[in-house]
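Visitor: build the 3D model from these lines:
(2 chains)
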Protein chains: 2
Amino acid sequence: MATITQNSFLSSNHLQLFKPNSKTKPIIAPTSVRMSLQETAPSIAVVGVTGAVGQEFLSVLSDRDFPYRSIKMLASKRSAGKQYTFQGHDYTVEELTEESFDGVDIALFSAGGSISKQFGPVAVNKGTIVVDNSSAFRMDENVPLVIPEVNPDAMKGIKVGTGKGALIANPNCSTIICLMAATPLHRRAKVLRMVVSTYQAASGAGAAAMEELELQTREVLDGKPPTCQIFKQQYAFNLFSHNAPVLENGYNEEEMKLVKETRKIWNDMNVKVTATCIRVPVMRAHAESINLQFENSLDEVIMSYSKQ
Amino acid sequence: MATITQNSFLSSNHLQLFKPNSKTKPIIAPTSVRMSLQETAPSIAVVGVTGAVGQEFLSVLSDRDFPYRSIKMLASKRSAGKQYTFQGHDYTVEELTEESFDGVDIALFSAGGSISKQFGPVAVNKGTIVVDNSSAFRMDENVPLVIPEVNPDAMKGIKVGTGKGALIANPNCSTIICLMAATPLHRRAKVLRMVVSTYQAASGAGAAAMEELELQTREVLDGKPPTCQIFKQQYAFNLFSHNAPVLENGYNEEEMKLVKETRKIWNDMNVKVTATCIRVPVMRAHAESINLQFENSLDEVIMSYSKQ
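Guide: Predicted coordinates for the structure are as follows:
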């Protein structure tokens, strides 16, 4: 099976994190007033709100009309004081501190693993449900690793409004894409072996990486040497093995995440997974080529679809 | 096993087919006089000399100091009359006709399948050994399909200087890259199953595709819609399934070439091969991720290398 999703660099109708011909700065796109602001809804905090994922959190909250009674925009001291308009209301970015989570029901974290490790447990102790985008707690056996469409049962004991805090980790981007496609087939015919090759965009490395890709592309087109600050090598018009550290077994960390996280999410320590993770010079949206070998025949599944 | 070769967009020391800040036109790079010109050496013709591969033929002849007594530069009527300097000598591009092959010992063809089909047999009848880069004859059971480093035996009956013409097909670029890496392992442990995902550059689609990638990149950076003449969709900062036609079985032609050509070159109709072929926005040099399953253990092979 091959799954390749196309990128929508120009047609992106979400946050225009890449804005040609300007200093690329995060912009809060959804300015229309929606009905998400509700007195009885949960209070939310976004940790790392100025980053690429933080901005995406806001975009998704808005797209889904996610109900909330208040929203706190948290970031490092450096970003504190920045002004954002979100759904018709003005917000000031606050510095993340231990007190930030007082009265917060749900905190969405994406400010790197060390911030999650430091402030995640603090938030949990204050009764906050933390959804963590970093790798800090993913392999912690006491923390559910959840793709809502795949294994929501893993977080079934966790409820908003009980005052009981909890950690929920979300997997690495490559794992999510892969298992969204593979799980329905796995449920029907049991995957024994999975070979994944990725085509990963700059966005996965954050807003600064996207800016560097744009800068480098302009430099290379002008015949200048590319500025390499985020990545160690030329990214414009180039490919390279994912920038995660290479481990002793020859795989990089990104590749091993796909192996370990798949086994945890599927609760199957025997499934054979191998991955080759590659950065491609694309702004947003990862793609993957996936080959699956099954225990049981898929003929019946294919037949049932062709009848529809 | 994962094989990813890095692209060398900027460091390309061959033909600068991609020249930033100028109309990209093929340039004959090697102007130094070498000792390749020899009275007793074969006469050569390059068919499709103005194309990206034609230029690469010249570059390789020069790099390898390939001996020749004369060289004919052949192309379509449209390109006839163009002037080139190669290894210190001036050449005029001639229109390809049936008479072009009189007295030619070796003809290197890369002007598309229909030109190969029309003029390949003509050249063979005149005693020329044709090395054809198109897919026209690859699956013809009477034509050897050769990667010199992999299966030179397939062309062992063919000799320059006997006056006897012959066709030799060279495989698709993806197959060559793949089998160069996989064959030494196949010989030791027998490949049963091969899963390939490609990262293919613009160069594989010719000089015009490279020009379009550059043009589109400039357009997208300027916030303009991309010009799509060579490909049907945006290529700058994007990926898409290889532009070869999609067949009834759901694979595109490029993917099926890898399957069929591997079986022919390895002379093994049972080897299981599957491929996902993707264009990435890179100027030159393809890359591939390859996963191999073997009949026999590779432990011994790995041991022998780790001892070295």
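Visitor: packing partners for the helix or strand hosting residue A:211?
Guide: In the assignment (DSSP states H and E), residue A:211 maps to helix A:207-221. Identification of packing neighbours for helix A:207-221 by 3 or more CB pairs under 8 Å, 6 or more residues apart in numbering or on different chains; DSSP states H and E yields helix A:52-63, helix B:207-221. For every residue, glycine as well, the C-beta is placed using N, CA and C.
Visitor: buried ones in the last one, by neighbour count?
Guide: Using 16 or more other CB atoms under 10 Å in any protein chain shown as the test for burial, helix B:207-221 gives B:207, B:209-221.
Visitor: closest to residue B:67 among the residues you listed?
Guide: Taking CB to CB as the measure, residue B:67 sits nearest to residue B:207 out of these, at 27.7 Å.
Visitor: which helix is the longest one in chain A?
Guide: Longest among the helix segments of chain A by residue count, using DSSP state H, is helix A:173-189.
Visitor: and stretch A:60-77, average pLDDT?
Guide: Per-residue pLDDT over stretch A:60-77 has a mean of 96.
Visitor: and for it, what's in contact with it?
Guide: The contact list for stretch A:60-77, computed with CB atoms under 8 Å, 6 or more residues apart in numbering or on different chains, reads A:14, A:30, A:34-51, A:54, A:82, A:84, A:86-87, A:91-96, A:100, A:104, A:111.
Visitor: start and end of it, how far apart?
Guide: Terminal residues of stretch A:60-77 lie 25 Å apart, using CA to CA, to the nearest Å.
Visitor: in it, what's buried?
Guide: A:61, A:62, A:66, A:67, A:68, A:70, A:71, A:72, A:73, A:74, A:75, A:76.
Visitor: and these, which two are furthest apart?
Guide: A:67 and A:76 (28.1 Å).
Visitor: and stretch A:296-307, how far from the chain's centre?
Guide: 32 Å (CA atoms, centre = their mean, to the nearest Å).
Visitor: so does that stretch get close to chain B?
Guide: No. Contact of stretch A:296-307 with chain B is not found when judged by CB under 8 Å from any CB of the partner chain; the minimum separation is 11.5 Å.
Visitor: please save the CA atoms from that stretch in CSV.
Guide: Taking Å, rounded to 0.1, in the frame of the first residue of the first chain, the C-alpha atoms of stretch A:296-307 are listed here in CSV:
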residue,chain,number,x,y,z
ASN,A,296,-4.6,-12.6,6.9
SER,A,297,-5.8,-12.0,3.4
LEU,A,298,-7.2,-8.6,2.5
ASP,A,299,-9.3,-10.1,-0.3
GLU,A,300,-12.5,-9.9,1.6
VAL,A,301,-11.9,-6.3,2.6
ILE,A,302,-11.1,-5.3,-1.0
MET,A,303,-14.1,-7.1,-2.2
SER,A,304,-16.4,-5.3,0.2
TYR,A,305,-15.1,-2.0,-1.0
SER,A,306,-15.3,-2.8,-4.7
LYS,A,307,-19.0,-3.7,-4.1
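Visitor: let me know the helix or strand that whichever residue of the stretch 101-250 of chain A sits closest to chain B is in.
Guide: Using CB to the nearest CB, the closest approach of the stretch 101-250 of chain A to chain B is made by residue A:197 at 3.6 Å. Per DSSP H and E, residue A:197 falls inside strand A:191-199.
Visitor: residues in contact with that strand?
Guide: Contacts of strand A:191-199 (CB under 8 Å, 6+ apart): A:4, A:174, A:178, A:182, A:185, A:242, A:254, A:258, A:262, A:266, A:271-278, A:280, A:282, A:286-295, B:195, B:197, B:199, B:239, B:276, B:278, B:280, B:289, B:291.
Visitor: any chance of a PyMOL selection covering the buried ones in those residues?
Guide: In PyMOL, this line selects whichever of the contacts of strand A:191-199 come out buried by 16+ other CB under 10 Å:
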select buried, (chain A and resi 4+174+178+182+185+242+254+258+262+266+271+273+274+275+276+277+278+280+282+286+287+288+289+290+291+292+294) or (chain B and resi 195+197+199+239+276+278+280+289+291)
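Visitor: break chain A down into its structural domains.
Guide: A:43-170, A:174-307 (automatic domain parsing).
Visitor: could you work out the end-to-end span of the first one for me?
Guide: Right, domain A:43-170. 20 Å.
Visitor: who's in contact with the closest residue in space to residue A:243 that isn't next to it in sequence?
Guide: Leaving aside its sequence neighbours, residue A:243 sits nearest to residue A:231 (CB to CB, 6 or more residues apart in numbering or on different chains; 5.7 Å). Residues counted as contacts of residue A:231 (CB under 8 Å, 6+ apart) are A:205, A:209, A:212, A:240, A:243, A:279.
Visitor: now do 10 Å
Guide: A:202, A:205, A:209, A:212, A:213, A:216, A:238, A:240, A:243, A:279 (CB atoms under 10 Å, 6 or more residues apart in numbering or on different chains).
Visitor: so for those, which is the shakiest by pLDDT?
Guide: residue A:243 (83).
Visitor: part of a strand, is it?
Guide: No. Read with DSSP: H, G, I helix; E, B strand; the rest coil, residue A:243 is coil and lies in no strand.
Visitor: for the domains of chain A, give me a markdown table that also has distance to residue B:225.
Guide: Below are the domains of chain A laid out as a markdown table (distance: least, CB to CB, whole Å):
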| stretch | distance to residue B:225 |
| --- | --- |
| domain A:43-170 | 24 |
| domain A:174-307 | 16 |
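Visitor: so which of the contacts of strand A:191-199 are in helices?
Guide: A:174, A:178, A:182, A:185, A:254, A:258, A:262, A:266.
Visitor: ok, which of the residues you listed also contact chain B?
Guide: Among the ones in helices among the contacts of strand A:191-199, no residue lies close to chain B (CB under 10 Å from any CB of the partner chain).
Visitor: farthest-separated two in the residues you listed?
Guide: Largest pairwise distance in the ones in helices among the contacts of strand A:191-199, by CB to CB, is 23.2 Å, between A:185 and A:254.
Visitor: re the thing from before, the strand holding residue A:197 pairs with which strands?
Guide: strand A:272-276 (parallel), strand A:287-294 (antiparallel) (DSSP bridges).
Visitor: dump these into a markdown table; add distance to residue B:149 as well.
Guide: Output for the strands paired with strand A:191-199, formatted as a markdown table (distance: least, CB to CB, whole Å):
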| stretch | distance to residue B:149 |
| --- | --- |
| strand A:272-276 | 24 |
| strand A:287-294 | 26 |
